[in-house]
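Enquirer: My questions concern the predicted model and sequence given below.
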Amino acid sequence: MGFISMNLVTLLYLVASVCFIQALKGLSSPATARRGNAFGMAGMAIAALTTLALIAKLQAQAAHGGFGLALVALGIVVGGAIGAYLAKTVEMTKMPELVAAMHSLIGLAAVCIAVAAVSEPHAFGIAAPGEPLPLGNRIELFIGTFVGAITFSGSVIAFGKLAGKYKFRLFQGAPVVFAGQHVLNLVLAVLMVGLGLAFVFAGGVEPAWPPFIAMAALAFVLGVLIIIPIGGADMPVVVSMLNSYSGWAAAGIGFSLNNAMLIIAGSLVGSSGAILSYIMCKAMNRSFFNVILGGFGGDASAAAAGGAAAAQRPVKSGSADDAAFLMSNAESVIIVPGYGLAVARAQHALKELVTKLTEHGVNVRYAIHPVAGRMPGHMNVLLAEAEVPYDQVFEMEDINGDFGQADVALILGANDVVNPAAKDPKSPIAGMPILEAFKAKTVIVNKRSMASGYAGLDNELFYMDKTMMVFGDAKKIIEDMVKAAE
């Protein structure tokens, strides 16, 4: 392995890149997701082993010994062990903050590589000893550094907001807004770009460290300021947006290092994250730029205040037995899973309930909203974990027209994605595409309480004459439904 040729390195990196492309293709559908994951793992294994072999070759040529290689191998072992442990133990409800944490590490890695490349460009083959960094490389390092820094600090804030268990104000779900916030962001962005250009166009063999360090520091601050005004309702968009940032940061560093695999893999992540962000914004009827600037989050507190007052209105409530009776005697039932289902880890009990209803001749389907839960695809993964057949799971655009013919719509822990307030032009969520569960003949809603969702709005669906609320933990309620459906 120490004598691996550069042609073979290029070939192996190309094979790894193809695996990453196949991984994305596989992950585009639940039916092929496992195969996509296998391609992704294979590609990363090939890339990691090839890099280790390349490091061994370079160290052998330089007669530096194997200390550097040992450090890299140790990092892979330690990081792999931590990753394996987290993958084994993390709960589905904690997956969003884990993803945010991983994005932060990618951004920080990009910054660290950029600092090393600026400090020792000859070690990366960017410039010969005693020669200045080429202009093109300085531009690439500037872009990779500030994108990586914004990704790191922004992802740390997103992690805190998604975790929801820290008392630090910036880590709390409510938006953090103050007068002149957007103006401050604009001024810092202009200063950051100006300092970056000063670094890029500085002459001399020695790198221009002061503007580079100041630019990186402002980027870290800007990452925090961009995310803090965004409320919990828009967190799914933030997760996909940071995913895109981390990919572009990696691609930028790949250009600096002339590493084709980093360029391809980073571009794949960056472009797919950007496309997903667009899909999320479209699903929420949001302008992507308004979400980034915190425009929606600013209305959340006012909406929440109004929702708290309206929640005192009377509702019709029933038991798990009542719900089971209604569904067992229905011809068509559409189930809308939400975050409450994930929190209760009730997906396996739900599958058992659907099996019972199917035995009674009931046609049961699942309706998935693009932003249900706390990250894109949350509900799809949750149902796949319970091995729910793919042909029973439908996306919003494929099933929304069927609610009017459904006898029962069963809402499990969902809120904003079924809120008819989206049809009101005066509502803060006006125009947001929703699952039209309110059109079903009977609506059953399971929630722990009448608390509002992430948008902070009261849900008119809960007060309709056709709606029956069943309060309690989703897992226990569904298990009681299963017993009643015997």
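Expert: In hand now; what should we look at? Numbers count the residues shown, from 1 in each chain.
Enquirer: residues making contact with stretch 382-389?
Expert: 30, 33, 92, 337, 341-342, 347-348, 350-351, 354, 366, 373, 393 (CB atoms under 8 Å, 6 or more residues apart in numbering). All C-beta spots, glycine's among them, are computed from the backbone N, C-alpha and C.
Enquirer: same thing but at 10 Å, please
Expert: 30-31, 33-34, 92-93, 95, 335, 337-339, 341-342, 345-352, 354, 366, 368, 372-373, 377, 380, 390, 392-393 (CB atoms under 10 Å, 6 or more residues apart in numbering).
Enquirer: Endpoints of it, how far apart?
Expert: Start-to-end span of stretch 382-389 (CA to CA, to the nearest Å) is 12 Å.
Enquirer: buried sites along that stretch?
Expert: Leu382, Leu383, Ala384, Val388 (16 or more other CB atoms under 10 Å).
Enquirer: and these, which of them are in helices?
Expert: Among the buried residues of stretch 382-389, the ones falling in helices (DSSP state H) are Leu382, Leu383, Ala384.
Enquirer: Let me know the pLDDT of the second one.
Expert: Put plainly, it is Leu383. Predicted confidence (pLDDT) for Leu383: 89.
Enquirer: how close does it sit to Arg365?
Expert: 11 Å (CB to CB, to the nearest Å).
Enquirer: Which neighbours do these two have in common?
Expert: By the contact definition CB under 10 Å, 6+ apart, Leu383 and Arg365 are jointly contacted by Ile335, Gln392, Val393.
Enquirer: ok so, going back, make JSON lines from the buried residues of stretch 382-389 and add distance to Gly196 to it.
Expert: Formatted as JSON lines, the buried residues of stretch 382-389 follow (distance: CB to CB, whole Å):
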{"residue": "Leu382", "distance to Gly196": "42"}
{"residue": "Leu383", "distance to Gly196": "45"}
{"residue": "Ala384", "distance to Gly196": "43"}
{"residue": "Val388", "distance to Gly196": "49"}
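Enquirer: In those residues, find the pair that's most separated.
Expert: Leu382 and Val388 (8.9 Å; CB to CB).
Enquirer: Please report how far the closest residue to Ile21 other than its chain neighbours lies from Gly252.
Expert: Nearest residue to Ile21, sequence neighbours excluded (CB to CB, 6 or more residues apart in numbering): Leu268, at 6.6 Å. As judged by CB to CB, Leu268 and Gly252 stand 14 Å apart.
Enquirer: quick one, which of those two is more surrounded?
Expert: Gly252 (27 against 18; other CB atoms under 10 Å).
Enquirer: low pLDDT regions in the stretch 201-350 of the chain?
Expert: 231-234, 284-285, 288, 290-312 (pLDDT under 70).
Enquirer: residue boundaries of the helices in it?
Expert: With helices called from DSSP state H, counting those that start in this stretch, the stretch 201-350 of the chain shows them at 209-227, 235-257, 260-283, 288-292, 300-310, 320-328, 339-344, 347-359.
Enquirer: List the residues that contact Asn329.
Expert: His360, Val362, Asp407, Val408.
Enquirer: Looking at those residues, spot the one nearest Val115.
Expert: Of all the contacts of Asn329, Val115 sits closest to Val408, with 58.9 Å by CB to CB.
Enquirer: Ramachandran coordinates for the closest one?
Expert: phi -140, psi 140 (degrees, to the nearest 10).
Enquirer: give me the number of residues near His122?
Expert: Neighbours of His122 using other CB under 10 Å come to 11.
Enquirer: returning to what we had before: dump the ones in helices among the buried residues of stretch 382-389 to CSV, plus distance to Ala217.
Expert: Shown next, in CSV, are those (distance: CB to CB, whole Å):
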residue, distance to Ala217
Leu382, 40
Leu383, 44
Ala384, 43
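Enquirer: Closest to Leu14 out of these?
Expert: The nearest one, if we look at these relative to Leu14 and count by CB to CB, is Ala384, at 31.3 Å.
Enquirer: Please report the distance of that closest one from Ala260.
Expert: Separation of Ala384 from Ala260 (CB to CB): 33 Å.
Enquirer: got it, and Ala198?
Expert: 30 Å.
Enquirer: show me the residues around the residue lying closest to Pro370 once chain neighbours are set aside that make contact.
Expert: Spatial nearest neighbour of Pro370, chain neighbours left out: Ala283 (3.8 Å); criterion: CB to CB, 6+ apart. Counting by CB under 10 Å, 6+ apart, Ala283 touches 236-237, 369-372, 376, 395-397, 417, 432-434.
Enquirer: ok, of the residues you listed, which one's closest to Thr51?
Expert: Pro376 (30.0 Å).
Enquirer: Can you tell me which of the shared contacts of Leu383 and Arg365 is closest to Ala16?
Expert: Ranked by distance to Ala16 (CB to CB), those are led by Val393 at 31.8 Å.
Enquirer: Okay, and the beta partners of the closest one?
Expert: With DSSP bridges as the criterion, Val393 is bridged to Tyr366.
Enquirer: which residues touch it?
Expert: Pro30, Ile335, Pro337, Arg365, Tyr366, Ala367, Ile368, Met379, Asn380, Leu383, Ala384, Ile399.
Enquirer: ok, of those residues, which come out buried?
Expert: For the contacts of Val393, buried by 16+ other CB under 10 Å: Ile335, Pro337, Arg365, Tyr366, Ala367, Ile368, Met379, Asn380, Leu383, Ala384, Ile399.
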